[in-house]
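Visitor: have a look; sequence and predicted model below, questions after that.
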Amino acid sequence: MIDILNALTLLGNFLIIPGLTYGSQLALGALGVTLVYGVLRFSNFAHGETMAFGAMITILATWGLQSMGVSIKPLPTALIAIPVGIAVTVLLILVIDKFVYRYHRERKASPVTFLIISIGVMFFLGGLIRFIIGPGDQIFFDGTRFILKAREFREMTGLSEGLSLKMTQTVTIVTALIIVIAMFWFLNHTRTGKSMRAYSDNEDLALLSGIDPNRVVMVTWIIVAALATVGGTLYGLDKSFKPFVYMQLLLPIFASAIVGGVGNPLGAIAGGYVIAFSELILTFAYKKVVLYLGPDNLELDSLVQLLGTNYKIAVSFIILVIVLIIKPTGLFSGKTI
Amino acid sequence: MKKTTLFVASAALLASSLVLAGGHAKSVKLGVVLGFTGPAESLAESMARGAELAMKEVSASKLLLDNATVTHVRADSTCVDASAAAAAAERVISSDKVDAIIGALCSGATISILQNVAMPKGVMLFSPSATSPALSTLEDNNLFFRASPSDARQGQVIAELLKEKGIKSIAMTYTNNDYGKGLADAIQSNYEATGGKVTINTAHEDGKGDYSAEVAALAQAGGDILMVVGYLDQGGKGIIQSSLDAGAFSDFFLPDAMIGESLVKAIGPDLNGSIGTVPGTDSKGAEIYAELAKKDGFNAGPYSPEAYDAAALTLLAMQAANSTDSNDVKAKVFEVANAPGTKILPGELAKGLQILKDGGNIDYVGATAVELIGAGESAGSYREILVKDGKNTTVRYR
C-alpha cells in the first residue's frame, strides 16, 4: 500500500502537477491563437512575442508596485499588475492592427499574406522587448514560493517521496480555469460574443445582419491581448521571464491549437493539456515508479524512459504530424467559435 | 543570430574608429576575444579587465621591446556560437592587425577560433579559461596555450573530493557542448575508477525556460548529490532552481563554470552546503592580484587571474623573443612561464621585462602560480568551494 502511495506521489510531483501547470499555460496561449484564426482567419505567429510583451509590461508594473511597497502576500504582486500589462498590450495590439493589419484586411488579402505579416510583427515585437527590458533573465516573483514543500510533505505523511506544490503552479491553474470559464460565458451569453461567433461562422451573413466588423475585430484583439498577457505572465512567474523563450513556446502552442482543431476554443484548451502531458509522459523516466510497484527484489539498471528529455520539443512535432495525417480537423472538429 | 549580427556590425564600426585613432609605429596590439554575451557573460568583464590590467602595466613600464605601448581591442566570441567566435577572431586579426589573441572564454569558441582562424593565419591564441580535454591533443602548430588546466585534471580532483566526502553515487547533467561533455566524461571515468556510481549522465540545453522534464529524469535516477556541469547564468541555474522546486535534490556539486556570485545570489539560501571546485591557488600571487584588481576598480572574479597571466605571459614571451611575430613568440612561452629563473609575481612585470632585456631568465608565477605542462596548459591547482551563508567560501586548495 505504502509503495502505491509512494508511486502516486512521485507521479503527482513530477508529472501531474507540472503537466497541469504547463498545460494551462499552453491552453491560454492556444486560446489566443485559435481566436485570431477563428475570427481574423490567419495564423498569428506574433502571439508568442505578444505574450512576452504583456509579461514585460506586467513586470515593469510589478517593479513599480514593489518599489511603492505594495504587496499582496502570500500571492505574487504581479497578479495586481496584470491589468496594467493588459491595458498597454491591448493598446499596442490595436495600434499594430490599425497601422499594419487593417490595410490588408480592407483589401481582403489572403491568409498567407497575413501570416507573413504576423512574422514581421513578431520580429518587431521581439526587438522592442529586448530594447526595453534586455535579453536577460528577469525574476519578478515575490510572495510565498511554496504552498507545500517536498520535505514538509514527507514529514507530514511519512512517505519516502515528497510532493511539492508551488504558489505559482496553483495560481496558474486557478487563473486559467477562471479565464476559460469567463471566455465561454462571454462567447455564449453576451451580444458581443455572439456577434463574434456569427462573424467567424460567415462573414458576409454577419455583415448583412448589421454586425459592425471593425467592432468584432477590435474586441477579438482586446481578448487576444488579454489572454496573451495573462498567459505570458503566468509562464514567466512559474519559470522565469526570458524574452526569447516565448518564441520557443510558439511551436507547442500551435500544436495545441491544431490538435484541438484550429478555431475551436474548447479544442485549444484540450489540446494544451494533450501536448503538455504527452511531452511529459513520453520523456519521463519511470525507474522509481517501477521499483515501487514491481516485486520487492527487483533490480533495475535502465531508467525506463521512452525518449530522452532532449527530444521533448520533438514530441509536439510528432503529435502535430500524426494529427494532420489522421485527423486534420483536430480532435474537436466541426465546432468553431 | 540577429543579435550577433547587430553586435558584430557595431563592434566593427567601433573597431574601425579605433584603427583610425591608433596607427602608432611601435605598438603591440592584443585581441581580447571573450564571451561578452552568452551563458558565461557574467565572467567575461572581470576577465577582460584582468588581461587589460597586465597590458597597462607593461605599457607603463616602457620596457617592452623598443618602448612599445600595448593596446587592445575587444571582440565578442560568444560562448556557444562557433561561427560568431571565428568571425570575431578573423576581424581582430585581419582588420585590427592584432599580434596575438587572449581568448576565448569557452572551449567550443576556442576550438573554433584555433582551427578556423588562428592556425591558418599563424596567430598565437592564449585562452584564460578554455578547459576542454580535447584542446590538449588538438593539432595546434604550438600556437595554442591556456592558463587554465584541462578538465581531465578537474575530473580527477572532483573524483577525489567526492570520495573524501563519502559520496557513493551521483546524478550528473552537463551542458551540451565541448566543455560540458569533456568535463562530464572526465568526472565519470575518474569517479567510477574510485568505485563511485554515476546513476545518470545526461545533457541539457542552455537557454530554455523550463527544466522540469530534465530534473524529473535526474530525480528518478537518484544519487547522493547532483553534479551540475553547466553554466551559472544559464541551464545550470535552471536545473538547480527546478530541482529545488520539485524537492528532487538538495545538495549540488558545482564545477568551475558554476562558481560565481550571480548563482549564489539568484538561488539564495537553498544553495548553502553545496560544494564545488574552481581553478585557484593559495600562492601570494592571488592575493597580490586581488589587490591590484581592486586598485584598478574591478573585482577579481573567476578566471580573471588566469586572464591576467595569459596576457602577461604573451607579452613576456614577446620580450624574450624580441619579436611580435607569433611564430617566434610561441617558442618562448614555456621558457618564461617555467623554472629556472627569477620568480615574477603580479605587479612585477616591469622587473620581468628588464631581466629578459638583460638576457636573464624568469619563472613567471603570476596570479595563479602558473606552471605550463604538456601541450601548453596550466598544471592546475584547484580551490575547493563550499557555499556557506550565501557566499562561495574557500575550504582549501588541492
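Guide: On my side now, so go ahead.
Visitor: contacts and neighbour counts: CA atoms only from here.
Guide: OK.
Visitor: B:Arg155 - that's part of a helix, no?
Guide: Heads up, residue B:155 is Gly, not Arg. Yes - according to DSSP: H, G, I helix; E, B strand; the rest coil, B:Gly155 belongs to a helix.
Visitor: looks like it contacts B:Ile187 (just checking).
Guide: Yes - counting by CA atoms under 8 Å, B:Gly155 does reach B:Ile187; the two are 4.1 Å apart.
Visitor: neighbour-wise, which of those two wins?
Guide: Comparing B:Gly155 with B:Ile187 by neighbour count (other CA atoms under 10 Å in any protein chain shown), the higher total belongs to B:Ile187, at 26 against 23.
Visitor: contacting residues around whichever residue of the stretch 201-337 of chain A sits closest to chain B?
Guide: As assessed by CA to the nearest CA, chain B sits closest to A:Ala285 within the stretch 201-337 of chain A, at 5.1 Å. Going by CA atoms under 8 Å, 6 or more residues apart in numbering or on different chains, A:Ala285 touches A:Leu303, A:Val304, A:Gln305, A:Leu306, B:Ala216, B:Ala217, B:Gln220, B:Ala221.
Visitor: what's the neighbour count on residue 245?
Guide: This is for chain A. Residues near A:Val245, counting by other CA under 10 Å, number 19.
Visitor: ah, I was thinking of chain B
Guide: The tally of other residues near B:Asp245 (other CA under 10 Å) stands at 20.
Visitor: now swap in A:Asp301 and tell me
Guide: Look at A:Asp301: counted by other CA under 10 Å, it has 8 neighbours.
Visitor: is it correct that it falls within a strand?
Guide: No - A:Asp301 is assigned coil when assessed by three-state DSSP, not a strand.
Visitor: need the buried ones from the contacts of A:Ala285 selected in ChimeraX.
Guide: A single ChimeraX command selects the buried members of the contacts of A:Ala285 (16 or more other CA atoms under 10 Å in any protein chain shown):
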select /A:303,304,305 /B:216,217,220,221
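Visitor: now, which of the contacts of A:Ala285 sits nearest B:Thr394?
Guide: Nearest to B:Thr394 among these, counting by CA to CA, is B:Ala221 at 30.5 Å.
Visitor: among the contacts of A:Ala285, name the ones in helices.
Guide: Members of the contacts of A:Ala285 lying in helices (criterion: DSSP state H): B:Ala216, B:Ala217, B:Gln220, B:Ala221.
Visitor: tell me the bridge partners for the spatially closest residue to the second one that is not a sequence neighbour.
Guide: If I follow you right, that is B:Ala217. Closest residue in space to B:Ala217, ignoring its immediate chain neighbours: A:Ala285 at 5.1 Å, by CA to CA, 6 or more residues apart in numbering or on different chains. Bridge pairing for A:Ala285 (DSSP bridges) gives the partners A:Gln305.
Visitor: quick one, what contacts residue 287?
Guide: By default, I'm working from chain A. Contacts for A:Lys287 were tallied using CA under 8 Å, 6+ apart; they are A:Leu300, A:Ser302, A:Leu303, A:Val304, A:Gln305, B:Gln220, B:Ala221.
Visitor: wait, chain B
Guide: Counting by CA under 8 Å, 6+ apart, B:Glu287 touches B:Ala367.
Visitor: near chain A, which residues of the stretch 101-250 of chain B are found?
Guide: The stretch 101-250 of chain B comes close to chain A at residues B:203-205, B:207-210, B:212-214, B:216-217, B:220-221, B:245-247, as judged by CA under 8 Å from any CA of the partner chain.
Visitor: what does the pLDDT read for A:Ser336?
Guide: Wrong residue type there; residue A:336 is Thr, not Ser. Note on A:Thr336: pLDDT of 55.
Visitor: same question but for B:Thr173, I mixed them up
Guide: So B:Thr173 comes in at 93 (pLDDT).
Visitor: need the three-state assignment for the nearest residue to it once chain neighbours are set aside.
Guide: Nearest non-adjacent residue to B:Thr173, counting by CA to CA, 6+ apart: B:Thr202, 4.8 Å away. Secondary structure of B:Thr202, reduced to three states by three-state DSSP: strand.
Visitor: B:Thr202: neighbour count?
Guide: Look at B:Thr202: counted by other CA under 10 Å, it has 19 neighbours.
Visitor: how much space separates it from B:Asp185?
Guide: Note on B:Thr202: its distance to B:Asp185, by CA to CA, to the nearest Å, is 11 Å.
Visitor: equivalent analysis for A:Thr309, please.
Guide: Noted for A:Thr309: a distance of 19 Å to B:Asp185, by CA to CA.
Visitor: who has more neighbours, these two?
Guide: For A:Thr309 versus B:Asp185, neighbours defined as other CA under 10 Å are more numerous around A:Thr309 (26 against 17).
Visitor: isn't that one up against B:Ala213?
Guide: Yes - using CA under 8 Å, A:Thr309 is in contact with B:Ala213, at 6.2 Å.
Visitor: what's the overlap in contacts for these two?
Guide: A:Thr283, A:Phe284.
Visitor: so what's the residue count around the residue in the stretch 51-200 of chain A that chain B sits nearest to?
Guide: Evaluated by CA to the nearest CA, the stretch 51-200 of chain A has A:Ala150 as its residue closest to chain B, separated by 5.2 Å. Residues near A:Ala150, counting by other CA under 10 Å, number 21.
Visitor: one more: A:Ile132?
Guide: As a burial measure, A:Ile132 scores 12 neighbours (other CA under 10 Å).
Visitor: now the helices for the stretch 101-250 of chain B?
Guide: Assigned by DSSP state H, counting those that start in this stretch, the helices in the stretch 101-250 of chain B fall at B:107-113, B:119-121, B:134-137, B:151-164, B:178-193, B:212-221, B:235-246.
Visitor: relative to B:Gly280, which of those helices is closest?
Guide: Ranking the helices of the stretch 101-250 of chain B by proximity to B:Gly280 (CA to CA) places helix B:151-164 first, at 11.6 Å.
Visitor: so for the closest one, what gets flagged as buried?
Guide: B:151-163.
Visitor: tell me which residue lies farthest from the centre of the chain.
Guide: With no chain named, the answer covers chain A. What lies farthest from the middle of chain A is A:Asn297; by CA atoms, centre = their mean that is 43.1 Å.
Visitor: switch to chain B, please.
Guide: Outermost residue of chain B (CA atoms, centre = their mean): B:Gln220, 33.6 Å.
Visitor: correct me if wrong: it contacts A:Val290.
Guide: No - with contact defined as CA under 8 Å, B:Gln220 does not count as touching A:Val290 (10.4 Å).
Visitor: spatially speaking, which residue is in the middle of chain B?
Guide: Mean-position check on chain B, CA atoms, centre = their mean. Result B:Ser129 at 1.4 Å.
Visitor: chain center to stretch B:206-216, what's the gap?
Guide: Distance of stretch B:206-216 from the chain centroid (CA atoms, centre = their mean, to the nearest Å) equals 26 Å.
Visitor: please name the spatially closest residue to A:Gly23 (chain neighbours excluded).
Guide: Leaving out its chain neighbours, A:Gly23 is closest to A:Tyr273 (CA to CA, 6+ apart), at 4.2 Å.
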